[in-house]
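Participant: Sequence unavailable; structure follows:
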């Protein structure tokens, strides 16, 4: 019944595209036969194949599996010495194409998935399951690659991560909806597809949680001091997982129990202590390595902007955020040196000094690396902050970032209100987070230490869509000019000292200093500026964009909702707009009476130009006409808005194009004379 519920839950989205759903094969042994089942174009397929007549399973869009050799060896070895080279990757999470691309780029396999790494070792440091939509492809790829590597003198080691254990124990919190649909369609729990009666299930149950190569220890989460003080034998830890933890999905948390210690948050599959810069130092790292009698611990589990080293390569974090399907890295070891193998094929020598040249900021990570289901939890004195919102005083806070419900990291910070008018007009003003630069560097981020949060102006679910519409405007301007502010929608959860929880719609907005560095420019805040002193094309683009969205709440002379930037290749300053809440296309409702601060609608459109020549007019109309299809597509893709809101946005943009392409309409809305 649970499976059928999941099928109904995810069915509408997958049901509409069921012909695009492929998965499998899942293979069981029954009475000297292989029972092979798979999903093809959304339909269940199966066949029984006598083991002695088995050949190659080959179906379009599915992994090719050699049924003549489904055997595997449970490798009892957990220590490997005198290994000349190895590669390590972690937290693949169903991102088959990205994983394969990395392995090809760095010479581990070729385009035909054949092993090309000689006597090298490849270590997958856990978490192949969940999130992505090609988990089965990943599993069969690794299953076959193990054999191919061994034939050529190499080795592939797949270690278990917390997500492997979750699936085997029936915990589906992070399962891709595709697999919920398939489980419901087959009327089987997803974990049953990996039971000990299946090939992949029994293969997974043969895997270890930790190995060592030379003086490196590999484990998914990490070893806490509490665990190692009770049990430091890698062989014993592996056997406890194989013989006791994996077969028992109902382990209870009991004080004093070694199994409980290994299974829960301080255990080797879940521990995150190494990634807490304020609570973990070189002394603690040295203590752990002394117990293990090793030089380095290599872990995944905690998402980083790139592979990151701590304390002279004593601790190496290799979860490079492959799970989000955008980019990733391999750890490479050759000739006693460690390298970061980048997605483009470049190699960088790995060093604990990398933080000094780190380019990925915390904002970059949110905006460009992680997925779309973002939640930011902030613990702070929120009621006091709101009561004193005009003061812009900083308060201590704890920031936690989540993606798809999974915690990525927690950082101590401080928070204050910001924004001139919104502090007066809104119940929930925008916020600014200020992080410690040293803490960020220890976590692998660059020195940009500010993050801006824009919250929905008024409390209540019915007001959330105003913030979503403003976010969409930022997205539209980025399509017009890549210099525009970057932003990312997020659920903002505020937790007070009394454990009251507030949830708001919001978005994360790029800090202007980071925007300027991204453009290799400099923010200019002082000095008198007039429209005629700006780069003309930049000014025309801004003016027409504000006209399109019906926004009159901006001015050049006062730098009101406009940033001016000096770029090295421009003689004059360029303008970048922000704060679009008062535009007609948003039609925001504030808490003040309308006679004091009236709502703006699109009937108030005004093109704010003193003059425009025919040549300029032709140029800017042509410029915007080239952008039309892209702008409409961005509106169509804004599924976070209700359909009627998306249609309203599209209609507003269509009306803008009717105006700029019609001389009659243009005369109504354009005060400048064309000459």
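Facilitator: Noted; the coordinates are in hand. Here the structure is a predicted model, which is why all the values come from computation and not from measurement.
Participant: Averaged pLDDT, the longest strand anywhere in the chain. What do you get?
Facilitator: Of all the elements of type strand in the chain, the one with the most residues (DSSP state E) is strand 406-417. Looking at strand 406-417 alone, the average pLDDT works out to 93.
Participant: which element follows that strand toward the C-terminus?
Facilitator: Scanning the chain past strand 406-417 towards its C-terminal end, the next helix or strand to appear is helix 420-425 (assignment: DSSP states H and E).
Participant: in the longest helix belonging to the chain, what's buried?
Facilitator: Using DSSP state H to define each element, the chain has its longest helix at helix 614-637. Applying a neighbour-count criterion of 16 or more other C-beta atoms under 10 Å, one finds 616, 617, 620, 624, 627, 631, 634, 635 buried in helix 614-637. In this view, the C-beta of every residue, glycine as well, is placed from N, C-alpha and C.
Participant: on that earlier part again, which secondary structure elements does the longest strand of the chain contact?
Facilitator: Here strand 406-417 touches helix 382-387, strand 395-403, strand 431-435, helix 437-442, going by 3 or more C-beta pairs under 8 Å, 6 or more residues apart in numbering; DSSP states H and E.
Participant: Pull out the buried positions in the shortest one.
Facilitator: By 16+ other C-beta under 10 Å, the buried positions in strand 431-435 come out as 431, 432, 433, 435.
Participant: Let me know the closest of the residues you listed to residue 650.
Facilitator: Of all the buried residues of strand 431-435, residue 431 has the smallest distance to residue 650: 31.2 Å, by C-beta to C-beta.
Participant: Report the beta-bridge partner residues of that closest one.
Facilitator: Partner residues in beta bridges with residue 431: residue 417, residue 453, with DSSP bridges as the criterion.
Participant: What number of residues are in the vicinity of residue 424?
Facilitator: By the measure other C-beta atoms under 10 Å, the count of residues near residue 424 is 14.
Participant: Need the pLDDT of it.
Facilitator: We note a pLDDT of 83 for residue 424 in this prediction.
Participant: what about it, distance to residue 590?
Facilitator: Plainly put, residue 424 is 9 Å away from residue 590 if you go by C-beta to C-beta, to the nearest Å.
Participant: same question, residue 606
Facilitator: With distances defined as C-beta to C-beta, the gap from residue 606 to residue 590 amounts to 20 Å.
Participant: more neighbours, these two?
Facilitator: Counting neighbours by other C-beta under 10 Å for residue 606 and for residue 590 shows that residue 590 has the greater number, 21 against 15.
Participant: Pretty sure that one sits against residue 426.
Facilitator: Yes. Proximity of residue 590 to residue 426 meets the contact threshold set by C-beta atoms under 8 Å, at 7.1 Å.
Participant: Number of residues surrounding the nearest residue to residue 501 once chain neighbours are set aside?
Facilitator: Nearest-residue entry for residue 501: residue 495, 5.5 Å, with adjacent residues in sequence omitted and distances by C-beta to C-beta, 6 or more residues apart in numbering. Other residues near residue 495 number 17, with proximity taken as other C-beta under 10 Å.
Participant: now the longest strand of the chain: how far from the chain's centre is it?
Facilitator: Relative to the centre of its chain, strand 406-417 is centred 16 Å away, using C-alpha atoms, centre = their mean, to the nearest Å.
Participant: Tell me what angle it forms with strand 395-403.
Facilitator: Counting by axes from the mean of the first three to the mean of the last three C-alpha atoms, to 10 degrees, strand 406-417 points 150 degrees away from the direction of strand 395-403.
Participant: so strand 406-417 versus strand 431-435, what angle?
Facilitator: Taking the same axes, to 10 degrees, one finds that strand 406-417 is oriented at 110 degrees with respect to strand 431-435.
Participant: Highest mean neighbour count out of the helices and strands packed on strand 406-417?
Facilitator: For the helices and strands packed on strand 406-417, average neighbour numbers computed from mean count of other C-beta atoms under 10 Å are highest in strand 431-435, which has a mean of 20.
Participant: Show me what it is in contact with.
Facilitator: Contacts made with strand 431-435 from outside it, assessed by C-beta atoms under 8 Å, 6 or more residues apart in numbering, are listed as 362, 378, 394, 397, 399, 411, 413-418, 449-453, 455.
Participant: quick one: average pLDDT of that strand?
Facilitator: Per-residue pLDDT over strand 431-435 has a mean of 96.
Participant: can you give me the helices in the stretch 51-200 of the chain?
Facilitator: 96-105, 135-151, 162-168, 177-186, 199-204 (DSSP state H, counting those that start in this stretch).
Participant: and the second one, what does it pack onto?
Facilitator: The reference is to helix 135-151. Other helices and strands packing on helix 135-151, by 3+ C-beta pairs under 8 Å, 6+ apart, are strand 23-30, strand 65-66, helix 96-105, strand 121-125, strand 155-159, helix 199-204.
Participant: Can you list the buried residues in that helix?
Facilitator: In helix 135-151, counting by 16+ other C-beta under 10 Å, buried: 135-146, 148-149.
Participant: what sits up against that helix?
Facilitator: So helix 135-151 is in contact with 23-26, 63, 65-66, 69, 72, 92-96, 99-100, 109, 113-115, 117, 122, 124, 128-129, 155-156, 158, 176, 179, 199-200, 203-204, going by C-beta under 8 Å, 6+ apart.
Participant: again, only this time at 7 Å
Facilitator: When contacts are taken as C-beta atoms under 7 Å, 6 or more residues apart in numbering, the neighbours of helix 135-151 outside the stretch itself are 23-24, 63, 65-66, 72, 92, 94, 96, 99, 109, 113-115, 122, 124, 128-129, 155-156, 158, 200, 203.
Participant: Please apply the same query to the shortest one.
Facilitator: Residues outside helix 199-204 that contact it (C-beta under 7 Å, 6+ apart): 27, 70, 72, 139, 143, 164, 168, 194, 195, 196.
Participant: per-residue pLDDT, the closest residue to residue 571 other than its chain neighbours?
Facilitator: Closest residue in space to residue 571, ignoring its immediate chain neighbours: residue 535 at 7.6 Å, by C-beta to C-beta, 6+ apart. Listed pLDDT for residue 535 reads 93.
Participant: Tell me how far residue 535 lies from residue 569.
Facilitator: Residue 535 sits at a distance of 10 Å from residue 569 (criterion: C-beta to C-beta).
Participant: neighbour-wise, which of these two wins?
Facilitator: Neighbour comparison, residue 535 and residue 569: the larger count goes to residue 535, with 17 against 6 (by other C-beta under 10 Å).
Participant: shouldn't the more buried one be in contact with residue 574?
Facilitator: Yes. Using C-beta atoms under 7 Å, residue 535 and residue 574 qualify as a contacting pair, with a distance of 4.9 Å.
Participant: Need the winner for burial among the helices and strands packed on helix 135-151.
Facilitator: Most buried among the helices and strands packed on helix 135-151, given mean count of other C-beta under 10 Å as the contact rule, is strand 121-125, at a mean of 25.
Participant: quick one on the thing from earlier: which of the contacts of strand 431-435 are buried?
Facilitator: When those are checked for burial by 16+ other C-beta under 10 Å, the buried set is 362, 378, 397, 399, 411, 413-418, 449-453, 455.
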